[in-house]
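Colleague: okay, sequence plus prediction incoming.
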Amino acid sequence: MEILRRANAQHTDKPDGTKIDYYLFPEYEIHYNEIPSGTTQVWHHHEKIEETLLILDGELEARWKDENSQEQKTLVRKGDLIRTGNTPHTFANTSSASVSFVVFKLVLSGVSHQDIFKNDKIIDPTEHIK
């Protein structure tokens, strides 16, 4: 087991006030974000990265463009999950409080591993745990 302390993450303070802690690994990236009230990220998209956001606290407006470049938007809240795909997107904190969320970035191979996720748990005998 490995414990990675927040103090050891790669920290970035963006000019707009967003604070990000990056945890980088060879096959994926996780980062923790805090976005202050009134902040909107730049529009962007990813060609190879699967980006998934899990909202931990607050409300965030998800904005994206569909195939016809029409802008869509919806409000996401604590516990909501967003999968961006390769869609152009941005996120705006239109609330009066900061928003925190975790981003998972993966480069996927197209092979389903759902069976492994569902079944790869071995219950250890309790006498081995001291």
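Modeller: Everything's here; your move.
Colleague: got any ranges where the chain has weak pLDDT?
Modeller: Within the chain, the stretches with pLDDT under 70 are 128-130.
Colleague: which stretches of it form helices?
Modeller: Remark: helices assigned in the chain by DSSP state H are 114-119.
Colleague: tally of neighbours for Phe91?
Modeller: For Phe91, the neighbour count with other Cβ atoms under 10 Å is 23. For glycine as for every other residue, the C-beta is placed from the backbone atoms N, C-alpha and C.
Colleague: leaving out the residues flanking it, which one is nearest to Lys65?
Modeller: Distances taken as Cβ to Cβ, 6 or more residues apart in numbering place Pro88 nearest to Lys65, at 4.5 Å, with adjacent residues excluded.
Colleague: one more: Pro36?
Modeller: Per Cβ to Cβ, 6+ apart, closest to Pro36 is Gly17, 4.2 Å.
Colleague: you'd agree the one you found is up against Gln41?
Modeller: No. In terms of Cβ atoms under 8 Å, Gly17 does not count as a neighbour of Gln41; the distance is 11.4 Å.
Colleague: of these two, who's got more company?
Modeller: It is Gln41, of Gly17 and Gln41, that has more neighbours when counted by other Cβ under 10 Å, with 17 against 14.
Colleague: wait, that one sits on Asn93?
Modeller: No. Applying Cβ under 8 Å as the test, Gln41 and Asn93 come out as separate, 9.1 Å apart.
Colleague: overlap in contacts of these two?
Modeller: Taking Cβ atoms under 8 Å, 6 or more residues apart in numbering as the criterion, Gln41 and Asn93 both touch Ile35.
Colleague: run through the bridge partners of Tyr23.
Modeller: On the basis of DSSP bridges, Tyr23 is bridged to Ile30.
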